[in-house]
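K.L.:
3D, please:
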Amino acid sequence: MGNQETTVIVTELETKIAFLEAANDELERALLLQHERIDRIDIIVNELRNRLKEQASLIEGMENFTDESPPPHY
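P.N.:
Numbering: from 1, shown residues only. As a prediction, the model looks like this:
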């Protein structure tokens, strides 16, 4: 194999490596964005869970209040 063929092969390999590095960087950015979205969704879900628990407590309190019979009217 001649010097010119070696240079061509090295150039092709460098081009492929550069492409793969760019693709890898793009995938890392996409993964980071997905991770950030998941974190935001997790926060929202936890907030909703807490609100539902609060609402359930309020509803249970109302049910306990309405279960008591009203005092008799004389």
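K.L.:
so where is this protein shaky, pLDDT-wise?
P.N.:
Along the chain, segments meeting pLDDT under 70 span 65-71, 74.
K.L.:
hmm, try it at 80
P.N.:
63-74 (pLDDT under 80).
K.L.:
all helices for it, in order.
P.N.:
Along the chain, counting by DSSP state H, helices occupy 3-67.
K.L.:
quick check: the gap between the most centrally placed residue in the chain and residue 25.
P.N.:
Residue closest to the mean C-alpha point of the chain, counted by Cα atoms, centre = their mean, is residue 38 at 0.7 Å. If you measure residue 38 against residue 25 using Cβ to Cβ, to the nearest Å, the figure is 20 Å. Glycine gets a C-beta too; all of them are placed from N, C-alpha and C.
K.L.:
what does residue 55 give?
P.N.:
45 Å.
K.L.:
just residue 46 next, same as before
P.N.:
Applying Cβ to Cβ to residue 46 and residue 25 gives a distance of 32 Å.
K.L.:
then residue 40?
P.N.:
23 Å.
K.L.:
could you do residue 6 as well?
P.N.:
In this view, residue 6 and residue 25 are 29 Å apart by Cβ to Cβ.
K.L.:
equivalent analysis for residue 14, please.
P.N.:
In terms of Cβ to Cβ, residue 14 sits 16 Å off from residue 25.
K.L.:
can you check residue 36 too?
P.N.:
17 Å.
K.L.:
with residue 72 instead?
P.N.:
From residue 72 across to residue 25, the span is 78 Å (Cβ to Cβ).
K.L.:
then residue 47?
P.N.:
In this view, residue 47 and residue 25 are 34 Å apart by Cβ to Cβ.
K.L.:
tell me how far residue 10 lies from residue 3.
P.N.:
Going from residue 10 to residue 3 by Cβ to Cβ gives 10 Å.
K.L.:
which one of the two is surrounded by more residues?
P.N.:
Ranked by neighbour count (other Cβ atoms under 10 Å), residue 10 and residue 3 place residue 10 first, with 10 against 7.
K.L.:
contacting residues for the more buried one?
P.N.:
Going by Cβ atoms under 8 Å, 6 or more residues apart in numbering, residue 10 touches no other residue.
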